[in-house]
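Participant: Give me coordinates for this.
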Amino acid sequence: MKRVAAIDFLRALAILGMVISGQMLWHKELPAFMFHAQLPPPTFAFNPAVPGITWVDLVFPFFLFSMGAAMPLALRRREEQGARWWEVTKSALHRFVWLASFAIILGNTRMGRLTELAPWAAALMTLVVWGLFFAMFVRVPNWEHKRNSILNWAGFVALIALTLLYKPWFGVEVSLHQSDIIILILASMALFGTLLWWVTRNSPVMRIVVIGGFALLKLASSVEGSWCEWLWQQTPAEWLFRFEFLKYLCLVLSGTIAGDVIRRALKSGELSPQGESNRRQSLLTVGLVVMMAALIGTQLWGLFVREVGQTVLLTALFCSLAYGLMHWLKTPEQPLLKSLLHIATVLLIVGLVAEPLEGGIKKDHATISYFFVTGGMACAVLIFALALELRFGIRFKALEACGANPMFAYTASGYLITPIAVLTSLSTAIAWFSGLTPWCAFYRGVLFALLVVAVTYPLTRKNYYWKS
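Facilitator: Residues are numbered from 1 along each chain as shown. Down below sits the predicted model:
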């Protein structure tokens, strides 16, 4: 089954948002909405009491939602090919192990940890690690599966061996507890999201009940002395998995519902570009795209400045206008867009109703409102991208390449571009540019994001994908 460009676009926004926020400098004169809401300038001291979200707070939930949306596409194909439950479980466990290992290796081999080496030596060592990541994950076009698996396992074993040598060679403490928390959570979501989708694949109602159950469990875990609090604090291995990670299933499983809708449309032909339409239908589609952008902008503005009442009213207005436009829209893709609008609206309603709980919406520590509001915004992005593609043929191919090859794009900034910049002295010019004005500190992140696109796009075009 072909890739869905809108899902890749949503995932690309998450990846590039991570790159920008990770590479931009924390300049105290930049406005607060340029940072995590709970890390406001000028001190950037973590304050979990500050409610609100910013664009930076969207990158992780967008990735989780896109992960969920992609699951039905891949897993239904496997089901059609005759895969049984134990085969799906085995595959999910394999992916969990590889992603968790990836997270731990990332946490221990970052270039910034090689402080005892000269910059050029640290850069070269980081490029070696990146090369082994390439071997571990790449799917080489036209290679037979067995040959590719040997390459992947060789890269995996070599990475483990090299990571263990960081202590005797470079004096870097290596620990299982030193990991990339984003990838570690994604590993758990890939495992439990896959298994729960498989169990509920023919019962969306049951899946909604499961989502509600995890949401309630998360809320109840805040009650001191309750069994829910006890369960949330349990872990079979602190460095690998904590039960509190399961709260993110609210996003992943919500994404699978959108993915089910998209897959049905793909099978029925609704996901094929429809070519030219009359002026009225085109204007209605443009109006729908504008409404989705307005919905996203409303959440970012209203919840950050704490105009929650106005946010609710504007959300109701824009959703109503979107339904009005949808009523008059008579195009083949209308049923798909309408179904996704239902999902986005329900998620936003649930999220905004829950907003007053837990002291207002927050990413850290994540609130119930955060999961559902950002899930609704992610679904709005899918509608935005699908409407543009199916009605006007508008694609964002360079960005989509990053979404189609997320692990490569995720590592490109720190393990490929940064060491090359050090070796070529480009890092000196970037540092000079970043210090010119406060906004240049932000443009540094944008520059790195553009470079990530530049290196990811040609590789993806040649079908060199990284897969776990």
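
Participant: who's in contact with Leu73?
Facilitator: Met1, Val4, Ile7, Gly259, Ile262, Arg263, Leu266 (C-beta atoms under 8 Å, 6 or more residues apart in numbering). Every residue, glycine included, has its C-beta placed from N, CA and C.

Participant: quick one: what helix or strand has the last one in it?
Facilitator: Applying DSSP states H and E as the criterion places Leu266 in helix 249-268.

Participant: Could you pull up the mean pLDDT of that helix?
Facilitator: For helix 249-268, the mean per-residue pLDDT is 95.

Participant: what do you get for stretch 134-147?
Facilitator: Averaged over stretch 134-147, pLDDT sits at 94.

Participant: which parts of that stretch are buried?
Facilitator: Within stretch 134-147, the residues that qualify as buried are Phe134, Ala135, Met136, Phe137, Val138, counting by 16 or more other C-beta atoms under 10 Å.

Participant: and if you look at stretch 74-89?
Facilitator: Within stretch 74-89, the residues scored as buried using 16+ other C-beta under 10 Å are Leu75, Arg76, Val88.

Participant: One more: stretch 61-76?
Facilitator: 61-73, 75-76.

Participant: Check which helix or strand Gly68 maps to.
Facilitator: helix 59-80.

Participant: List the contacts of the next helix or strand after that helix.
Facilitator: Note on helix 59-80: by DSSP H and E, the next helix or strand toward the C-terminus is helix 85-109. Identification of contacts with helix 85-109 by C-beta under 8 Å, 6+ apart yields 75, 78, 126, 129, 133, 136-137, 156, 159-160, 162-163, 166, 172, 174-176, 178-184, 186-188, 190-191, 194-195, 198, 239-240, 407, 411, 468.

Participant: Let's see which of the residues you listed end up in helices.
Facilitator: 75, 78, 126, 129, 133, 136-137, 156, 159-160, 162-163, 166, 181-184, 186-188, 190-191, 194-195, 198, 407, 411 (DSSP state H).

Participant: follow-up on the earlier one: going through the contacts of helix 85-109, which ones are buried?
Facilitator: 75, 126, 129, 133, 136-137, 156, 159, 162-163, 166, 172, 174, 178-180, 182-184, 186-188, 190-191, 194, 198, 239-240, 407, 411, 468.

Participant: Can you give me the distance of the spatially most central residue of the chain to Ile181?
Facilitator: Centrality entry for the chain: nearest residue to the mean C-alpha point is Phe63, 1.4 Å, by C-alpha atoms, centre = their mean. Going from Phe63 to Ile181 by C-beta to C-beta, to the nearest Å gives 13 Å.

Participant: quick one on the thing from earlier: any idea which of the buried residues of stretch 134-147 is closest to Tyr248?
Facilitator: Phe137 (22.6 Å; C-beta to C-beta).

Participant: Do you know the pLDDT at the residue nearest to the closest one when sequence neighbours are not counted?
Facilitator: Distances taken as C-beta to C-beta, 6 or more residues apart in numbering place Trp466 nearest to Phe137, at 3.7 Å, with adjacent residues excluded. pLDDT, Trp466: 95.

Participant: Sounds good, over and out.
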